[in-house]
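K.L.:
fold the following, please.
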Amino acid sequence: MNAQLQTPSACPIAPPSTQEPLIGKSLEELRSLVKDMGEPAFRADQLHQWLYVHCVRNFDDMSNLKKSFRDKLAETHQVGSLSIAEKQVSQDGTTKYLFRLPDGKVVESVLMYFEERGTYALCLSTQVGCAVNCGFCATGKLGFMRNLSVAEIVEQYVYAQADSGKEVRNIVFMGQGEPMLNYDTVLQAIHILNKSAEVGMRHITISTSGIVPRIYDLAKEDMQLTLAISLHAPDNATREAIMPLNKKWPLEELMPALHHYVSTTGKRLTIEYILLAGVNDQPGHAHDLGKLLQGLKCNVNLIPYNPIGDAYGYKRPSGNAIHRFKDIVTAYGKKVTVRVERGVDIAAACGQLANKVQPV
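P.N.:
The predicted structure is shown next:
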């Protein structure tokens, strides 16, 4: 199957609206809204079902709501605030959505299917651009523009669920932006996705480049989600060269935070490690990584570099180098997997999200 580019007519680019979106509101907030409108309480439960279970895009589809109530809602509210700018489908079936936000900015989400598990996972964005600026990541080259709202985060899920017609039961906060730099908003979005969209907390993953104070904060939340750490190097010199954030929170601060998180929550971490040829993929790096992770309850996910442009000078290691690295770290008693690339042909793989439509 060839990659496909679509501009769906069902969701045309619309001018900004002053109406407040309903997607992003909790059941409690919907109950308060319905009460203020003088409607019976059960209307809130009906509305909640239309938004998060049926994932409808307009009020006319909410067939069990009386028309006078729908008309009243439409005067002050809209179902959602995002429109679809572009949609691309990869040869491997991965779908990338380019969403236009109410202020005209754009952000991407990626829907992936995993045949071996028979499940769908959605990669959500939390910011427009990113301030962390890891050297191997296209999003960082955009710079940071703003945080996404709760509604904008949740609606990425609702739209993808409705558009795909699939049951999307896994969510990873690994899209554009650093989730821990939009911490309170991301947690609110997670609670809505968990309670309203009924995505199990154990099927939600937050990925962070290492915002140390927020790792301690998350440990207090008592949430059964998975925390993934973008480590990418076993020593400060290498990590700082590719992740400027390491200057602020070096490994001497990050690693104690990770041990604290595990001891407090009892949860196993996922350590993400991008492999850059000649930069962090040598046997010495693998041994150092194995030693660094000793005593830490974690799995390791190796990510062969996905190209973002020749100008940045990074290359993907050979298959032999990847497997050699994996074997060394595995010998230190860690479960190590190599991430299967998805959506590379439409720039939807890890590190490639840059709000650009690729020629297909």
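K.L.:
what about stretch 34-41, start to end distance?
P.N.:
Using C-alpha to C-alpha, to the nearest Å, the end-to-end distance of stretch 34-41 comes out at 7 Å.
K.L.:
same thing with stretch 34-47?
P.N.:
Start-to-end, stretch 34-47 (C-alpha to C-alpha) is 9 Å.
K.L.:
enumerate the positions of the lengthiest strand in the chain that are buried.
P.N.:
If you go by DSSP state E, the chain has its longest strand at strand 106-114. Under the neighbour-count criterion of 16 or more other C-beta atoms under 10 Å, strand 106-114 has 106-113 buried. Glycine gets a C-beta too; all of them are placed from N, C-alpha and C.
K.L.:
which residues in the stretch 51-200 of the chain form helices?
P.N.:
67-76, 150-164, 183-195 (DSSP state H, counting those that start in this stretch).
K.L.:
what does the first one contact?
P.N.:
This points to helix 67-76. Helix 67-76 has contacts (C-beta atoms under 8 Å, 6 or more residues apart in numbering) with 19-20, 22, 37, 39, 43, 59-60, 62.
K.L.:
recalculate using a threshold of 7 Å.
P.N.:
Helix 67-76 is touched from outside by 19-20, 37, 39, 43, 59, 62, with contacts defined as C-beta atoms under 7 Å, 6 or more residues apart in numbering.
K.L.:
quick one: low-confidence parts of the stretch 1-150 of the chain?
P.N.:
By pLDDT under 70, the low-scoring segments of the stretch 1-150 of the chain are 1-17.
K.L.:
do the stretch 251-360 of the chain as well
P.N.:
Along the stretch 251-360 of the chain, segments meeting pLDDT under 70 span 308-312, 342-360.
K.L.:
before we move on, the earlier item: now for the longest strand of the chain, which elements pack on it?
P.N.:
The contact analysis (3 or more C-beta pairs under 7 Å, 6 or more residues apart in numbering; DSSP states H and E) places strand 106-114 against strand 95-100, strand 119-123, helix 150-164.
K.L.:
how about the strands of the stretch 1-150 of the chain, start to end?
P.N.:
4-6, 20-21, 77-78, 83-89, 95-100, 106-114, 119-123, 127-129, 144-147 (DSSP state E, counting those that start in this stretch).
K.L.:
for the longest strand of the chain, which strands pair with it and how are they oriented?
P.N.:
strand 95-100 (antiparallel), strand 119-123 (antiparallel) (DSSP bridges).
K.L.:
mind giving me the domain ranges of the chain?
P.N.:
Structural domains annotated on the chain: 22-78, 83-346, as defined by automatic domain parsing.
K.L.:
just say which of those domains is most tucked in.
P.N.:
Of the domains of the chain, the one with the most neighbours on average (mean count of other C-beta atoms under 10 Å) is domain 83-346, at a mean of 19.
K.L.:
for G24, what are phi and psi?
P.N.:
In terms of degrees, to the nearest 10, the main-chain angles of G24 are phi 110, psi -10.
K.L.:
just checking, it touches L148?
P.N.:
No. Under the criterion of C-beta atoms under 7 Å, G24 is not in contact with L148, lying 10.3 Å apart.
K.L.:
check contacts around the spatially closest residue to A331 that is not a sequence neighbour.
P.N.:
Spatial nearest neighbour of A331, excluding adjacent residues (C-beta to C-beta, 6 or more residues apart in numbering): G290 at 6.9 Å. Shown in contact with G290 (C-beta under 7 Å, 6+ apart): 328-329, 331-332, 334.
K.L.:
so which of those is the closest to H232?
P.N.:
For the contacts of G290, the closest approach to H232 (C-beta to C-beta) belongs to V329, at 13.4 Å.
K.L.:
what's in contact with the helix or strand hosting the closest one?
P.N.:
Here V329 sits within helix 319-330, counting by DSSP states H and E. With C-beta under 7 Å, 6+ apart as the test, helix 319-330 has contacts from 275, 277, 281, 283, 286-287, 289-290, 300, 302, 304, 336, 338.
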